[in-house]
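**Q** Sequence and predicted model, in that order:
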Amino acid sequence: MASRASETILRRQLREISRNGIPGISAGLVDDNIYNWEVMLIGPDDTLYEGGFFKARLTFPEDYPLMPPKMRFETPMWHPNVYPDGNVCISILHPPGEDKYGYEDAGERWLPVHSVETILLSVIAMLSSPNPDSPANMDAAKELRENYPSFKKRVRKLARDSAEML
């Protein structure tokens with residue numbers, strides 16, 4: 001029964017995104033599977049990622065919205081809050097409840113009121129404001145902190161390369 005409810009919620013959220021749109025973002029199903037979405041994000045204006053086209057996957061559990069989806073960039077990404085394998089590490093994608101390490105407040109983590117729209121807006125915010133103090137990619141965080149010109153050059157190249165791959 002939970003999967004039926006999650007399917008209904010996901011179909012509604014996909015319809016809302018398709019109808020209303022989120023600037024710089026498009027989303028659709030992979031192989032007509034409501035639990036597997038392909039997302040294209042355009043790098044936000046006035047950021048190092050500006051002009052880039054970043055493809056990602058959102059994979060939803062059958063107990064969504066009680067549990068969060070996973071998001072993984074398929075386009076190469078250099079960002080302190082994105083693991084080297086492309087998995088996104090932001091608070092709202094972490095399971096609900098208290099953080100066993102005490103870093104995040106329960107209110108910062110996944111809540112069933114979140115939607116695909118709030119996830120995607122959070123990812124855009126993450127691209128705009130990297131958090132090197134809570135890194136998923138230690139090398140990117142270190143480069144951002146210690147050699148910003150090198151970090152900037154690498155990210156700008158990724159953004160250019162991503163636009164050429166289209």
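**A** In hand now; what should we look at? Residues are numbered from 1 along each chain as shown.
**Q** and the longest helix for this structure?
**A** Longest among the helix segments of the chain by residue count, using DSSP state H, is helix 2-20.
**Q** ok, and what's touching that one?
**A** Residues outside helix 2-20 that contact it (C-beta atoms under 8 Å, 6 or more residues apart in numbering): 25, 27-29, 34-35, 37, 60-66, 115-117. To be clear about C-beta, it is placed using only N, CA and C from the backbone, and glycine gets the same treatment.
**Q** and if you look at stretch 89-101?
**A** Counting by C-beta under 8 Å, 6+ apart, 66-71, 81-83, 104-106, 108-112, 114, 118-119, 122-123, 126, 134, 136 sit against stretch 89-101.
**Q** Take these and keep only those in strands.
**A** 70, 71 (DSSP state E).
**Q** Quick one, which of the contacts of stretch 89-101 are buried?
**A** When these are checked for burial by 16 or more other C-beta atoms under 10 Å, the buried set is 67-69, 71, 81-83, 109-110, 114, 119, 122-123, 126, 136.
**Q** closest to residue 156 among those residues?
**A** Residue 156 lies nearest to residue 82 out of those, by C-beta to C-beta, at 16.3 Å.
**Q** pretty sure the closest one contacts residue 139?
**A** No. Counting by C-beta atoms under 8 Å, residue 82 sits too far from residue 139 to count as a contact (11.5 Å).
**Q** Skip the chain neighbours and tell me the closest residue to the residue nearest to the spatial centre of the chain.
**A** Closest to where the C-alpha atoms of the chain average out (C-alpha atoms, centre = their mean) is residue 123, at 4.2 Å. Nearest residue to residue 123 in three dimensions, chain neighbours excluded: residue 88, at 6.3 Å (C-beta to C-beta, 6 or more residues apart in numbering).
**Q** Report the angle between the longest strand along the chain and helix 2-20.
**A** Longest strand of the chain, by residue count under DSSP E: strand 33-42. If you take axes from the mean of the first three to the mean of the last three C-alpha atoms, to 10 degrees, strand 33-42 sits at 30 degrees to helix 2-20.
**Q** thought the residue nearest to residue 123 was touching residue 74?
**A** No. At 11.6 Å, residue 88 does not count as touching residue 74 under the criterion of C-beta under 8 Å.
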